[in-house]
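>>> Give me coordinates for this.
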Amino acid sequence: MWAVIAWLAGSKIGRFILGVGIIAFFIFSFRMWLGWHDASVAKQATAQMVTKFERDALAAQLERERQDAIIASQSLEEHRKRLLAAQMAEQAAKDTLESEIRSYELQLSEKNRACAVTAADRDWLLRH
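Here you go, the predicted structure:
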């Protein structure tokens, strides 16, 4: 191989061919390095973008879950308020009913009257 290079270097056309070959080698080598470098840079950029997108997706999911938790908490609090209001209304209705029953019984006792319906009578009415 060295003999071929020495023979080419001995003539004008040989030096020209050798120079073009060396230049072509360096251009080819540079393009190979550039392609490898671009590929590694592209891989690195892709990895960074994937990491960024994953981080953004996780942040969005976390924010959505946080909002869902806030909405659930507000809904639970609203249901508790409604339950408390319903329980209070039920207790007020029971108290009113008991008060009316006592008042009616008092009226009956003042007139020396009593309710003649017994539990057995009530059961018989419910069955028939």
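>>> Pull the number of nearby residues for Ile17.
13 (other Cβ atoms under 10 Å). Every C-beta, even on glycine, is put in place using the N, C-alpha and C of the backbone.
>>> One more: the one 5 residues further on?
Burial of Ile22 is recorded as 10 neighbouring residues (other Cβ under 10 Å).
>>> What segments of this protein are strands?
For the chain, strands defined by DSSP state E do not occur.
>>> what stretches of it score poorly on pLDDT?
1-10, 114-116 (pLDDT under 70).
>>> Tell me which stretches of the chain form helices.
2-9, 12-110, 119-127 (DSSP state H).
>>> Quick check: the gap between Ile101 and Leu84.
Ile101 sits 26 Å away from Leu84, going by Cβ to Cβ, to the nearest Å.
>>> for Asp56, same thing?
42 Å.
>>> what do you get for Gln67?
In terms of Cβ to Cβ, Gln67 sits 26 Å off from Leu84.
>>> Tell me who's in contact with the spatially most central residue of the chain.
Taking Cα atoms, centre = their mean as the criterion, Gln61 is the residue nearest the geometric centre of the chain, at 3.7 Å. With contact set as Cβ atoms under 8 Å, 6 or more residues apart in numbering, Gln61 has no partners.
>>> Numbering from 7 from now on, please.
Got it, first residue is 7 now, which makes that one Gln67.
>>> could I have stretch 31-47 exported to PDB, CA atoms only?
What follows is stretch 31-47, C-alpha atoms only, in PDB (Å, rounded to 0.1, in the frame of the first residue of the first chain):
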ATOM      1  CA  PHE A  31     -11.300  10.900   3.500                       C
ATOM      2  CA  PHE A  32     -11.400  14.000   5.800                       C
ATOM      3  CA  ILE A  33     -14.800  15.100   4.400                       C
ATOM      4  CA  PHE A  34     -16.200  11.500   4.800                       C
ATOM      5  CA  SER A  35     -14.800  11.300   8.400                       C
ATOM      6  CA  PHE A  36     -16.200  14.700   9.300                       C
ATOM      7  CA  ARG A  37     -19.600  13.700   8.000                       C
ATOM      8  CA  MET A  38     -19.500  10.500   9.900                       C
ATOM      9  CA  TRP A  39     -18.600  12.300  13.100                       C
ATOM     10  CA  LEU A  40     -21.200  15.000  12.400                       C
ATOM     11  CA  GLY A  41     -23.900  12.300  11.900                       C
ATOM     12  CA  TRP A  42     -22.800  10.500  15.100                       C
ATOM     13  CA  HIS A  43     -22.700  13.800  17.000                       C
ATOM     14  CA  ASP A  44     -26.100  14.800  15.700                       C
ATOM     15  CA  ALA A  45     -27.600  11.400  16.600                       C
ATOM     16  CA  SER A  46     -26.200  11.600  20.100                       C
ATOM     17  CA  VAL A  47     -27.500  15.200  20.500                       C
END
